[in-house]
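Colleague: Here is a sequence with its predicted model. Questions after.
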Amino acid sequence: MEIASAVENREPSGIAASFPASTEKVYCYLDINNVPKDTTITYVWTLGQNEMRKDTQHVKKSSRWRTWANKGINGMKGDWKVDVLDEAGSVLKSASFKVE
């Protein structure tokens, strides 16, 4: 799982832990291996204590699956977090970043 300023050719670009407030979008990129069955994941974007967005995606049974979601930042400064949840709502992975 990476947080980046872009996705190019199905790979994250501009991976960082902090982004300037002028950044238009931030991407949460996942490279998932050995997906045993078709499933659904949910990205939960949080700024401070406030949930800002949820994105749900379908992931197919696969030996490797790359996917991503993005969130428009547009000057929203602070400490951000993205949780990736499984179908049951359990956290699979989390990543934090800062917008300054």
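Modeller: Nice, I can see it.

Colleague: Could you list the low-pLDDT ranges of this protein?
Modeller: Applying pLDDT under 70 to the chain picks out no residues at all.

Colleague: Tell me which helix or strand the residue positioned nearest the centre of the chain sits in.
Modeller: The residue lying closest to the centre of the chain (Cα atoms, centre = their mean) is Cys28, at 2.5 Å. Following DSSP states H and E, one finds Cys28 within strand 25-35.

Colleague: Go ahead and name everything in contact with the following helix or strand past that strand.
Modeller: Sequence-wise, the next helix or strand downstream of strand 25-35 (DSSP H and E) is strand 39-47. Strand 39-47 has contacts (Cβ atoms under 8 Å, 6 or more residues apart in numbering) with 28, 30, 51-59, 67, 69, 71, 76, 78-87, 89, 92. (Each C-beta comes from the backbone N, C-alpha and C, glycine too.)

Colleague: what do you get if the cut-off is 7 Å, keeping everything else the same?
Modeller: With Cβ atoms under 7 Å, 6 or more residues apart in numbering as the test, strand 39-47 has contacts from 28, 51-59, 69, 71, 76, 78, 80-87.

Colleague: do you know how far the nearest residue to Asp79 once chain neighbours are set aside is from Trp80?
Modeller: Counting by Cβ to Cβ, 6 or more residues apart in numbering, Asp79 lies nearest to Lys98, which is 5.7 Å off, once chain neighbours are set aside. Here the distance between Lys98 and Trp80 works out to 7 Å (Cβ to Cβ, to the nearest Å).

Colleague: More neighbours: which of these two?
Modeller: Neighbour comparison, Lys98 and Trp80: the larger count goes to Trp80, with 23 against 12 (by other Cβ atoms under 10 Å).

Colleague: partner residues bridging the more buried one?
Modeller: Per DSSP bridges, the residues bridged to Trp80 are Leu47, Phe97.

Colleague: Would you confirm that it contacts Ala95?
Modeller: No - Trp80 lies out of contact with Ala95 (Cβ atoms under 7 Å); the separation is 9.0 Å.
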